[in-house]
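S.K.: sequence? don't have it. structure:
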């Protein structure tokens, strides 16, 4: 089969300058490869770092903070506008009545949330401030009472338990999973007993059934986990005492409006993930921006390579251009011819780049990586997001088209009379 | 009277670089079908300039140019390219063959551009043209494997592939030895007499010119009226 004439001539020009064309194509290949590897690696790391916090953060956290009522009882009288004789009160610094940071009617709220179709899962939690007793020294700490099965399902709790079995919390009475940092300070391991003091002053012996490592050192020094019932016992409260309800949504972008809705509906405070972790999104955004900037710079440099080879080709093939025009090729045909040459270089180089980029990303994902704070990670994290490949392909196309367009336009303006008479 | 294949009416041409010089003064003439004319004159008399205006590649002139009775003035660049493709064949002093393609493909190129015939038909025609010029045995070679005379004959075959109305030559025998020049002349003559194509050949070679049907002699940008 015969190729259309224009492509045939373009191919002949490419082959006539084979080595330079190849170098220009390799330039594109290299830049696309690096672009994909860079972005894949960068967003893999981003996902890891974000996951470090975001995976373990509920999309919406419902809690009840001790805070002054927005309308104090006295305001019900003095707040009324009763004309010029409006009364005024001088009462300051009103103290709250004895109330714990519990969520009222938590059981009903949890049941209602579980029926909400937008909600993927709900896990109740009871936070308690404690002291870890190490001999005569007391270390401050936080114990979270959790329902292990749900916590594991929604927040991958098990991934961060480095020793012992998280499900032992349910089977062993008075058990605790200690933070790795805290355990190191107390010199205890799985199977040992630790003594803690609650804020109310009672002392409790708990058995260590596991060690927990979040990757955030400060957290690991204070945070420990126990079962919901054990935490309620520590606090001396009934089994409906829940301080936090953690909600995981099907679509976490809905968190801010839903948080407001829940806050109003259930008369609690609600914090959405976007508000709680805005700095992570900023960091991700900046890192992505830098990778894109570097990647696109590489592509533009490759574009200059194509521009050069085409300029050279056009100078060398002036005779060919002149005779093509004399034979009846219009300026537009000549321009199309050289754009085709540029695109051929760009597309072949770009396609190879996509493959090599994928290969390099795979290679990176097999490089061992054992960060001390991330027990679940064994290799460098990478992302194989097809969007990167799409962007790389589109940019390769655009830059090579532009790199070809300007020399091609020059070629289309070559005056054949000048060339032929000049001989 | 039939429409002339090529007609120039009061063609005036200036060169502007470095100063304005008039190189053609009111050049008018007509060339009929089957006519074989030679343009002669001293170097710098404007004969090549005239040829490139007639070829439609040079558009910066005053006056009228008609090809097959159709005025060329005011046509767009792409339209002129089509006219060149379909109606004009060129033979230059230098052959301008594309070394990347075979001889056969070089001959086929203008027909492929025209796109009226299918690939095999064009190939058949190209073989025919090469056979007329006696070089069909070289069809599969690359141009740089041929001798100068053979290359020029390939260039002529390429000019003929679309059966153009007019064949223009800019010293087509300038680089050839006596024997090859004679072969080329005989081909041209046959084209005019057998195929009724109009030929306008710029030449320095007086022997060549003397054998043509008509001599157009130029001097200082004017055509010298022919002596009876």
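M.R.: Yes, it's here. Everything numeric here is computed off the predicted structure, so don't read it as measured data.

S.K.: quick check: residues of chain B near chain A?
M.R.: Neighbours of chain A within chain B, by C-beta under 8 Å from any C-beta of the partner chain: B:48, B:52, B:55, B:57-58, B:77-78, B:81-86, B:90, B:92-94, B:96, B:98-101, B:109-110, B:112-114, B:119, B:158, B:170. All C-beta spots, glycine's among them, are computed from the backbone N, C-alpha and C.

S.K.: pull out the buried positions in stretch A:381-400.
M.R.: A:381-383, A:388-389, A:391-393, A:395-396, A:399-400 (16 or more other C-beta atoms under 10 Å in any protein chain shown).

S.K.: list the contacts of that stretch.
M.R.: A:28, A:31-32, A:35-36, A:39-41, A:43-48, A:295-296, A:299-300, A:302-303, A:306, A:342-343, A:345-347, A:349-350, A:353-354, A:357-358, A:361-362, A:364-365, A:369 (C-beta atoms under 8 Å, 6 or more residues apart in numbering or on different chains).

S.K.: which ones are touching residue 50?
M.R.: Assuming you mean chain A. The contact partners of residue A:50, taken as C-beta under 8 Å, 6+ apart, are A:280, A:284.

S.K.: was after chain B, sorry
M.R.: Residues counted as contacts of residue B:50 (C-beta under 8 Å, 6+ apart) are B:8, B:11, B:13, B:24, B:27, B:39, B:218.

S.K.: now do the nearest residue to the second one once chain neighbours are set aside, the pLDDT please.
M.R.: When you say that, I think you mean residue B:11. The shortest distance from residue B:11 to any non-neighbouring residue, by C-beta to C-beta, 6 or more residues apart in numbering or on different chains, is to residue B:63 (3.8 Å). The model reports residue B:63 with a pLDDT of 87.

S.K.: who in the stretch 1-150 of chain A is up against chain B?
M.R.: Listed as neighbours of chain B in the stretch 1-150 of chain A under the rule C-beta under 8 Å from any C-beta: A:2, A:5, A:9, A:12-13, A:15-16.

S.K.: PyMOL command for the buried members of the residues you listed?
M.R.: Remark: buried members of the residues of the stretch 1-150 of chain A next to chain B, expressed as a PyMOL selection using 16+ other C-beta under 10 Å:
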select buried, chain A and resi 5+9+12+13+16
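
S.K.: from the residues of the stretch 1-150 of chain A next to chain B, which is closest to chain B?
M.R.: Using C-beta to the nearest C-beta, residue A:12 is the member of the residues of the stretch 1-150 of chain A next to chain B that lies nearest chain B, at 3.6 Å.

S.K.: list the contacts of the closest one.
M.R.: Residue A:12 neighbours (C-beta under 8 Å, 6+ apart): B:98, B:100-101.

S.K.: now it, what's its secondary structure?
M.R.: Following DSSP: H, G, I helix; E, B strand; the rest coil, residue A:12 is assigned to helix.

S.K.: ok, residue A:127 next?
M.R.: Classification of residue A:127 using three-state DSSP returns strand.

S.K.: that one bridge partners, please.
M.R.: When assigned by DSSP bridges, residue A:127 has beta-bridge partners residue A:144.

S.K.: any idea how far it lies from residue A:210?
M.R.: From residue A:127 over to residue A:210 the distance is 19 Å, taken as C-beta to C-beta, to the nearest Å.

S.K.: would TSV of the residues of the stretch 1-150 of chain A next to chain B with pLDDT and secondary structure be doable?
M.R.: Formatted as TSV, the residues of the stretch 1-150 of chain A next to chain B follow (pLDDT from 0 to 100; DSSP: H, G, I helix; E, B strand; the rest coil):
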residue	pLDDT	secondary structure
A:2	45	coil
A:5	78	helix
A:9	83	helix
A:12	82	helix
A:13	81	helix
A:15	82	helix
A:16	78	helix
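
S.K.: re earlier: what is the nearest of the contacts of residue A:12 to chain A?
M.R.: residue B:100 (3.6 Å).

S.K.: is that closest one in a helix, a strand, or coil?
M.R.: Following three-state DSSP, residue B:100 is assigned to coil.

S.K.: surely it touches residue A:16?
M.R.: Yes: counting by C-beta atoms under 8 Å, residue B:100 does reach residue A:16; the two are 5.3 Å apart.

S.K.: ok so, going back, so residue A:127 and residue A:210 - more neighbours on which side?
M.R.: Taking residue A:127 and residue A:210 together and counting by other C-beta atoms under 10 Å in any protein chain shown, residue A:210 has the greater number of neighbours (25 against 15).

S.K.: in which helix or strand would I find residue B:23?
M.R.: Per DSSP states H and E: residue B:23 is located in strand B:21-31.

S.K.: residue A:342 now?
M.R.: Secondary structure assignment for residue A:342, by DSSP H and E: helix A:331-364.

S.K.: cool, and residue B:162?
M.R.: Going by DSSP H and E, residue B:162 is not in any helix or strand.

S.K.: can you pull the pLDDT of it?
M.R.: 87.

S.K.: list the contacts for the nearest residue to residue A:153 once chain neighbours are set aside?
M.R.: Closest residue to residue A:153 apart from its sequence neighbours, by C-beta to C-beta, 6+ apart: residue A:121 at 6.4 Å. Contact analysis of residue A:121 by C-beta under 8 Å, 6+ apart lists A:150, A:153-154, A:247-248.

S.K.: now the buried members of the contacts of stretch A:381-400.
M.R.: A:28, A:31-32, A:35-36, A:39-41, A:43-48, A:295-296, A:299, A:302-303, A:306, A:342-343, A:345-347, A:349-350, A:353-354, A:357-358, A:361, A:364-365.

S.K.: how much space between residue A:179 and chain B?
M.R.: 73 Å (C-beta to the nearest C-beta, to the nearest Å).

S.K.: next, that residue: phi, psi?
M.R.: Residue A:179 has phi and psi values of phi -60, psi 140 when expressed as degrees, to the nearest 10.

S.K.: so which bits of the helix or strand that contains the residue nearest to residue A:153 are buried?
M.R.: Assigned by DSSP H and E, residue A:121 belongs to strand A:119-134. Neighbour counts using 16+ other C-beta under 10 Å place A:119, A:121-126, A:128, A:130-133 of strand A:119-134 among the buried residues.

S.K.: contacting residues for residue B:102?
M.R.: B:139-142.

S.K.: cool, and residue B:209?
M.R.: Shown in contact with residue B:209 (C-beta under 8 Å, 6+ apart): B:38, B:40, B:203, B:215.

S.K.: per-residue pLDDT, the residue of chain A found nearest chain B?
M.R.: Closest contact between chain A and chain B, by C-beta to the nearest C-beta, is at residue A:328 (2.3 Å). pLDDT recorded at residue A:328 is 84.

S.K.: so the longest helix seen in chain A, near chain B or not?
M.R.: Ranked by residue count under DSSP state H, the longest helix found in chain A is helix A:278-316. No: using C-beta under 8 Å from any C-beta, helix A:278-316 never reaches chain B; the gap is at least 11.7 Å.
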